[in-house]
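Visitor: Give me the fold of what follows.
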Amino acid sequence: MKNMKKRSLRRIFAGILGIGILLTGAAPCAAAAYGYDEYGDPIVTATPVPDGQAAAVTPAHSSYYSQAADTDSIDGWPKGPGIEAQAAVLMDVNTEAVLYSKNADTQLYPASITKILTTLLACENLNAKTNITVSENASTSVTAGDSSIYAAPGEKFTRDQALMAVMLQSANEMSVAVAEEVSGSVKKFAELMNWRAKLFGCKNTHFNNPNGLPDENHYTTASDMAKIAKSAWLNPLFRRYCTKRYYEIPPTNKFAEARQLLNHHKMMKNGEYYYEGVRGGKTGYTDASGNTLVTYCKRGNMTLVAVILNSTSAANAYSDTASLFNYGFENFEKVDMKVSMEPVPFKVLPCDKYILKNNGNTYPFYYQTKVYVTLPKGIKKSQLNKRQAVLQNAVGPLRLKSKYYYKKQMVGWGMQYERNIVSDLLLAS
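Guide: A predicted model of the protein is given here:
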């Protein structure tokens, strides 16, 4: 009987409370009803979650998050962070050491990070005085929703204006216009892209357009994209376009107003996901590719590049990149191998003594710069193995390349150059 009275009192109190809430529009202690208990009384929770929004409050990780990094299998290598993206690589730009990799050789769509190579090829093939006239083909190559500066047929741009539009605004039609200026057509430019990618050591990449729009024959891997991004960064002119945060294109022959361009990369200074040391990069997205991202970051004597492919959101791509940079700067260091700058003798074939000076016994190679490697902290350079190979050169001095490995992981390299061209060593006839 007493229990029944208690239940009735609770129901009456709950009813009065409910009427009070309806009249005042307030919720006691920011709480709200979320179902009822076994007595029919409202259950109050301090953190109600509306139907269908649970994932927004406590987002589930992607199916790739728990997948171990490829580099985790290296004995003595720091364990990499879990990331949401399908594939990723973290590389030291100067030593080419890969510090982190996950699904690094999986072929995926790159989207607009393709424009890194487009811009690099323009830097290599167009001079500062080049004027680019937008063709009808370039102007009409974009569709609704594409990144664009709405360039008109016959509109003229300088090289700098065009490449700022490509890198900052990610303008697809300007990428086509640049391709046509460099090679005469998109098809010829794609051939140039693929040839250059092979020179960078890319083995699982094929480009079919200059802007990264979806195409089944346009794909890359995180490993290959890191090689392209690294090579691009070493070009000073490319860095100029990559690191710019703001640029204005003045009125042109077809457009009466100035165009304001802002870098879309949000990890740069004043960006929503600012990360100390980030110098620049390139964003990308299509439905087919997911979010892609390339980011350059410098701290101390290390410059790292992070490549993200097929992330579930832009926010996750930035978060993954920050995790990779934290991992890289906290766990690795750049080490001077302290190589001798004195010439290194290289033995030639015994028969060469009949045609070369100095009896053909040796001819020297020498370093032009210091040699560095990137190692996990605590690893000694005495633990490294060195592999050497002579690189042939039909028109100049031979080169002796030395690669340094920890286990089977390449951590840095050095190049020695022949002091004398072999033709200079030939005995007079």
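
Visitor: what about Pro250, neighbour count?
Guide: Here the number of neighbours of Pro250 (other CB atoms under 10 Å) works out to 10. C-beta: built from backbone N, CA, C; applies to glycine.

Visitor: which non-adjacent residue is nearest it?
Guide: Ala258 (5.3 Å; CB to CB, 6 or more residues apart in numbering).

Visitor: Leu262 now?
Guide: Leu262 sits nearest to Tyr246 (CB to CB, 6+ apart), 5.8 Å away.

Visitor: so what's that neighbour up against?
Guide: 168, 260-263 (CB atoms under 8 Å, 6 or more residues apart in numbering).

Visitor: ok, now how distant is it from Pro153?
Guide: Going from Tyr246 to Pro153 by CB to CB, to the nearest Å gives 27 Å.

Visitor: quick one on the thing from earlier: between the contacts of Tyr246, which is nearest Asn385?
Guide: Asn263 (41.6 Å; CB to CB).

Visitor: That closest one against Arg279, yeah?
Guide: No - with contact defined as CB atoms under 8 Å, Asn263 does not count as touching Arg279 (11.0 Å).

Visitor: who's more crowded, the two?
Guide: Asn263 (24 against 18).

Visitor: can you pull the contacts of the more buried one?
Guide: Counting by CB under 8 Å, 6+ apart, Asn263 has contacts 167-168, 244-246, 280.

Visitor: Highest neighbour count among those residues?
Guide: Neighbour max across these (other CB under 10 Å) = Met167, 30 neighbours.

Visitor: burial count for the closest residue to that one other than its chain neighbours?
Guide: Distances taken as CB to CB, 6+ apart place Tyr241 nearest to Met167, at 4.5 Å, with adjacent residues excluded. Neighbour count for Tyr241, taken as other CB under 10 Å: 28.

Visitor: Can you name the residues that contact Tyr241?
Guide: 119, 123, 160, 163-164, 166-168.

Visitor: 7 Å instead, please
Guide: 119, 163-164, 167 (CB atoms under 7 Å, 6 or more residues apart in numbering).

Visitor: quick revisit: which among the contacts of Tyr246 gets closest to Gly76?
Guide: Nearest member of the contacts of Tyr246 to Gly76, counting by CB to CB, is Asn263, at 38.6 Å.

Visitor: Quick check: the closest one vs Val98, distance?
Guide: 27 Å.

Visitor: By mean pLDDT, point me to the weakest helix or strand of this protein.
Guide: strand 42-45 (a mean of 34; mean pLDDT, DSSP states H and E).

Visitor: tell me the SS of Gly284?
Guide: Classification of Gly284 using DSSP: H, G, I helix; E, B strand; the rest coil returns strand.

Visitor: does Leu120 count as helix, strand or coil?
Guide: helix.

Visitor: now that we're looking at the nearest residue to it once chain neighbours are set aside, which residues does it contact?
Guide: Spatial nearest neighbour of Leu120, chain neighbours left out: Ala232 (4.3 Å); criterion: CB to CB, 6+ apart. Contacts here follow CB under 7 Å, 6+ apart; on that basis Ala232 touches 116, 120, 238.

Visitor: my read is Ala232 is in a helix, agree?
Guide: Yes - the assignment for Ala232 is a helix, going by three-state DSSP.

Visitor: all helices for this structure, in order.
Guide: 2-24, 54-57, 115-125, 136-139, 159-167, 172-183, 186-199, 222-233, 236-243, 314-331 (DSSP state H).

Visitor: The residue nearest to Pro250 is in contact with Thr252, isn't it?
Guide: No - contact status for Ala258 versus Thr252: not in contact, 9.4 Å apart, counting by CB atoms under 7 Å.
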